[in-house]
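Q: turn this into a model:
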Amino acid sequence: MFNMIRIFGETGGGEIIPLLIILAISILMIASMWKLFTKAGKPGWASIIPIYNLIVMLQIVNKPIWLIILFIIPFVGWIMGILLCYWLAVSFGKGIGYTIGMIFLPIIFYPLLAFSSDTQYTGGA
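A: Numbers count the residues shown, from 1 in each chain. Have a look, this model is predicted:
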């Protein structure tokens with residue numbers, strides 16, 4: 001009995017539901033980024049490699065690679081992340097409203113950008 005409590009917790013295994021939700025959201029976001037990379041003509045697997053995915057993303061939005069240095073500066077990194085969302089939205093023919101959606105509701109707007117049939121890669125920002 002003690003081992004079962006330790007394995008499943010005192011709630012009877014109720015913590016598995018949040019874990020499955022997090023797993024589903026993670027898979028959705030990975031698939032979305034993979035599709036965005038392939039829409040832009042880049043290899044989809046590049047979206048799951050840390051740091052390299054940022055380099056490829058800068059190539060997608062047609063910005064210089066040295067900008068990656070700015071992402072590691074504490075406050076500047078946040079601003080660069082917002083700018084990257086804007087550049088990405090513009091690269092796929094979207095505007096500032098879509099950028100705001102990508103920043104505040106990424107779980108909705110990244111899949112919309114990736115899997116929408118009317119969204120095409122138009123080139124760098």
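
Q: contacts for the helix or strand where Leu19 lies next, please.
A: Taking DSSP states H and E as the criterion, the element that holds Leu19 is helix 16-39. Identification of contacts with helix 16-39 by C-beta atoms under 8 Å, 6 or more residues apart in numbering yields 43-48, 53, 56, 60, 88, 92, 106-107, 110-111, 113-115, 119-121. (Each C-beta comes from the backbone N, C-alpha and C, glycine too.)

Q: buried stuff in it?
A: Applying a neighbour-count criterion of 16 or more other C-beta atoms under 10 Å, one finds 29, 31-39 buried in helix 16-39.

Q: can I get those in a markdown table with pLDDT?
A: What follows is the buried residues of helix 16-39, written out as a markdown table (pLDDT from 0 to 100):
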| residue | pLDDT |
| --- | --- |
| Met29 | 97 |
| Ala31 | 97 |
| Ser32 | 96 |
| Met33 | 97 |
| Trp34 | 97 |
| Lys35 | 96 |
| Leu36 | 95 |
| Phe37 | 96 |
| Thr38 | 96 |
| Lys39 | 94 |
